[in-house]
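Q: Coordinates only, no sequence provided:
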């Protein structure tokens, strides 16, 4: 028995001390969903649709082209920062992580992520090759802390079949969209009367991000500088009151779906349960694919536009973006080189990612004929100029979003008065920011 | 006693060492460390600074904490009696050895083996507006459907229904075990005295399993105070925080806002509440045994 144990131990020791496999391993952790059943083996990226399909096949293609590099992908529930925090705290962070521009300052200010300038320059990627919005999103204290991947905003995804029924289509076939808050209500009522369905399909349940993004957009359109001081929010303003009262009116007048969470809202729009889905750029690819199928509610009847300017202040939409960051950890030169190759590959293939609907982070993609030929990109092109994020110095933007979503949701659903919700949101956010 | 005492050796303690090590590392150490953290202004990633009891003050002054505490207490007050009553009812109904009852026992217990993710997924299918089971039924009946997961009051209720369905197996099994230990001569005596079923239940069955009822109640109080997964996955604490339980508050403060000191202080409050519940069980059970002796 002892001999057996000894020989087993010897074998195990031998196996462990055998020369390491020639592959360099990169642990990549991302959101964007899991779709291995459909795309687990796909390396032809052009066949993929949607965020999950495209990123999965991109990584597959990279691995196929670089047999010496093994990219081990972990998919996390969006946005995955709680998990990342726990990994960072226990010293078990992955090598590459997907991160919103709005979350970078939290990690950069604590020294939890590494700058990527050297990696990019080693691969010959110039910072100038990125759009200003994308580069600004990842740049802190003059250094880039991630590979910018895209910019995104919320949009009006429009079911043109229902809009026709509602008589809200111009002679040239474009949708009639509101130019003010009152027009929005009037057109919403017209839509409901003609189609019997709600005008807007909104994510109003079990979710905070949508409320916050709409509020930011409406505040920006009124030129409200609610984060003039990045350590203090100012929400006790007439602009904020206007914005929330409009959101509440839309709900009270029955112009929006209610009680739908993210998944249910996406399904409701594709089933034709409402006219305009207020959702992100990332769904364009999926909705276009739907509209090309006969027999669907969107068949030959999908259009997409930026959130219209409803206030005279300025045309603006809250924008953010996705990037790939490197948690601070020791890496071998081989790993660093492999990450460099991956970054170069992702930047070179930014067009494929832009097919999701996101705005590309790489400038050159805008000039590509394939990109110009993508459907609907013309109608949303202006978000490159009108997209605005929160000031980069604002920390804990996801926690702030949760608080805003909860309080605004309470006001919209009538659980709290508008004033109560605003002052509660303001004091909760300022308490959070004062105690960082 | 003398013999065994003489033969006892210190080295025998080695047998409990593995358990003791796990107990110290996974329970005592985190407990002390949690208390230590609660006295510091600290995030997840590094040393903090000592702030005394300031975190406790901040927790008590936080309306969101007080709301979460209230939600949790309401949840426990409603879910625990439901679990005890339903568990007892099922145990009484299934306290026979036929093929049908064994099948039904397995069926009712089966929900307990599911993970919280599956349980909430199933109940989302029931409660979600539009295509959800209840929405479809109320549409058929011509009743205006309720948005169960996003209406104040209903959201916590929905979490409670899912929880009761999920946790019912254990109380039922504990009650069944207790019922099967009641000596059958008690029932024979009751039958000879011509006692009706109600009288048998209240005078024989319930008094015989009183300690199990107490045990189940305390276990469920301790468990339900730790409600988290169902609320997180079904309602995300909403709307307006009306279904946010204490553990979710702690999670949000610690992991989303990185305010670990404050989260630790809130955890100490939860620890105190559960400690009181556990002590109550200890007191009640020791007093009961004194009485019976």
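A: Yes, it's here. Just so we're clear, the structure is a prediction, and the values are computed from it rather than from any experiment. Numbering: from 1, shown residues only, chains lettered A, B, ... in the order given.
Q: switch to C-alpha atoms for all contacts and neighbour counts from now on
A: Noted.
Q: Output the set of residues of chain B in proximity to chain A.
A: Counting by C-alpha under 8 Å from any C-alpha of the partner chain, the residues of chain B lying close to chain A are B:44-45, B:128-129, B:147, B:149-150, B:152, B:234-241, B:255-259.
Q: what's the domain layout of chain A?
A: A:19-149+A:321-348, A:153-319+A:389-434 (automatic domain parsing).
Q: picking up where we left off before, just the ones of the residues of chain B next to chain A in helices?
A: Counting by DSSP state H, these place residue B:234 in helices.
Q: hang on, the earlier thing: can you redo the domains of chain A as a markdown table with mean pLDDT and mean neighbour count?
A: Listed next are the domains of chain A as a markdown table, based on pLDDT from 0 to 100; neighbours: other C-alpha atoms under 10 Å in any protein chain shown:
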| stretch | mean pLDDT | mean neighbour count |
| --- | --- | --- |
| domain A:19-149+A:321-348 | 93 | 18 |
| domain A:153-319+A:389-434 | 94 | 20 |
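Q: As CSV, those with distance to chain B would be great.
A: Formatted as CSV, those follow (distance: least, C-alpha to the nearest C-alpha, whole Å):
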stretch, distance to chain B
domain A:19-149+A:321-348, 5
domain A:153-319+A:389-434, 5
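Q: will you turn the ones you listed into CSV that also has distance to residue B:49?
A: Output for the domains of chain A, formatted as CSV (distance: least, C-alpha to C-alpha, whole Å):
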stretch, distance to residue B:49
domain A:19-149+A:321-348, 16
domain A:153-319+A:389-434, 15
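Q: Show me where the stretch 51-200 of chain B has its helices.
A: Ranges of helices in the stretch 51-200 of chain B, per DSSP state H, counting those that start in this stretch, are B:54-60, B:63-93, B:99-110, B:116-127, B:133-140, B:154-167, B:169-180, B:184-192, B:197-200.
Q: Distance from the chain centre to stretch A:322-335, please.
A: Offset of stretch A:322-335 from its chain centre (C-alpha atoms, centre = their mean, to the nearest Å): 22 Å.
Q: now swap in stretch A:260-268 and tell me
A: On C-alpha atoms, centre = their mean, the centre of stretch A:260-268 falls 16 Å from the chain's centre.
Q: And for it, what's in contact with it?
A: A:201, A:202, A:203, A:204, A:205, A:206, A:207, A:274, A:277, B:128, B:129 (C-alpha atoms under 8 Å, 6 or more residues apart in numbering or on different chains).
Q: picking up where we left off before, quick one, which of the helices of the stretch 51-200 of chain B gets closest to residue A:26.
A: Nearest to residue A:26, of all the helices of the stretch 51-200 of chain B, is helix B:116-127, at 29.2 Å by C-alpha to C-alpha.
Q: now the angle from the closest one to helix B:154-167?
A: Helix B:116-127 and helix B:154-167 are oriented at 130 degrees to each other (axes from the mean of the first three to the mean of the last three C-alpha atoms, to 10 degrees).
Q: helices or strands next to helix B:116-127 in the packing?
A: helix B:133-140, helix B:154-167, helix B:229-234 (3 or more C-alpha pairs under 8 Å, 6 or more residues apart in numbering or on different chains; DSSP states H and E).
Q: Can you tell me the centre-most residue of chain B?
A: What sits nearest the mean C-alpha location of chain B, by C-alpha atoms, centre = their mean, is residue B:223, with 2.1 Å.
Q: element containing that one, please.
A: helix B:210-224 (DSSP states H and E).
Q: That helix packs against which elements?
A: Partner elements for helix B:210-224 (3+ C-alpha pairs under 8 Å, 6+ apart): helix B:63-93, helix B:169-180, helix B:260-292.
Q: now the contacts of stretch A:260-268 in TSV, with secondary structure and distance to residue A:142?
A: Listed next are the contacts of stretch A:260-268 as TSV, based on DSSP: H, G, I helix; E, B strand; the rest coil; distance: C-alpha to C-alpha, whole Å:
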residue	secondary structure	distance to residue A:142
A:201	strand	41
A:202	coil	38
A:203	coil	37
A:204	coil	38
A:205	coil	39
A:206	coil	38
A:207	coil	34
A:274	coil	45
A:277	strand	38
B:128	coil	47
B:129	coil	48
